[in-house]
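Asks: Could you look at this predicted model? Sequence included:
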Amino acid sequence: MTVRELRLLGDPVLRTECDPVTRFDDALGRLVDDLLENVRLPGRAGLAAPQIGISLAAFSYNVDGQLGYVINPVVTETSGEYDGPEGCLSIPGITADTVRAARTVVTGVDGHGDPVTVAGEGELSRVLQHETDHLRGILFIDRLTGGRRKEVLAQLRRAARPVSGPAG
């Protein structure tokens, strides 16, 4: 296994929309293996390819014993509301209550290009949305509003971390 270095807030790869996967080859197989192995590390529920410096539309997840990955994911269904703490490996030490859909369905393909569908509720729903956002250059802090956003931005300023992305 190759433990991949995480890209942190301020790295442009985190703010760039990923390219769709079009080549289903050995290099993609290695990327999937790395995503799956690295998401198994303690404290990780999801990992998107840009978080390890690869601007391709792929992510892995590991929530409550459900381990998997999706390539070229699209959120096809959401319902309900789920408000709770969210953090990001690329923004260490920062968490904030974030509103997400309570149930999410993501469709995409596997490493052979065959269709896959992943449905999740609660934390898995949160992870599916969070990782799909990463592939569009969106971080969870971009989803925050009002006082929650102000507090996180203040924490980032205190930590002297660069802040980029949508204003609001």
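Replies: Happy to help now that I have it.
Asks: doesn't residue 33 make contact with residue 69?
Replies: No: the criterion here is CB atoms under 8 Å, and residue 69 misses it with residue 33 at 9.6 Å. In short, each C-beta sits where N, CA and C put it, glycine included.
Asks: Check for me that residue 119 belongs to a strand.
Replies: Yes: under DSSP: H, G, I helix; E, B strand; the rest coil, residue 119 falls within a strand.
Asks: list the contacts for the one residue sitting closest to the centre of the chain?
Replies: For the chain, the residue nearest the mean C-alpha position is residue 131 (2.2 Å; CA atoms, centre = their mean). Counting by CB atoms under 8 Å, 6 or more residues apart in numbering, residue 131 touches 46, 47, 48, 59, 60, 61, 73.
Asks: Distance check, the first one against residue 117.
Replies: In this structure, residue 46 lies at 17 Å from residue 117, with CB to CB, to the nearest Å as the measure.
Asks: Tell me which of the two has more neighbours.
Replies: Higher neighbour count among residue 46 and residue 117: residue 46, with 25 against 11, using other CB atoms under 10 Å.
Asks: So in terms of bridging, what pairs with the more buried one?
Replies: In this structure, residue 46 bridges to residue 61 when assessed by DSSP bridges.
Asks: Repeat that for the one 10 residues further on.
Replies: Under the criterion DSSP bridges, residue 56 forms beta bridges with residue 19.
Asks: Check whether the residue nearest to the centre of the chain sits in a helix, strand or coil.
Replies: helix.
Asks: Leaving out the residues flanking it, which one is nearest to it?
Replies: residue 59 (3.8 Å; CB to CB, 6 or more residues apart in numbering).
Asks: Now do the contacts for the one you found.
Replies: 35, 46, 47, 48, 49, 69, 70, 73, 131, 132, 134, 135.
Asks: Noted, bye for now.
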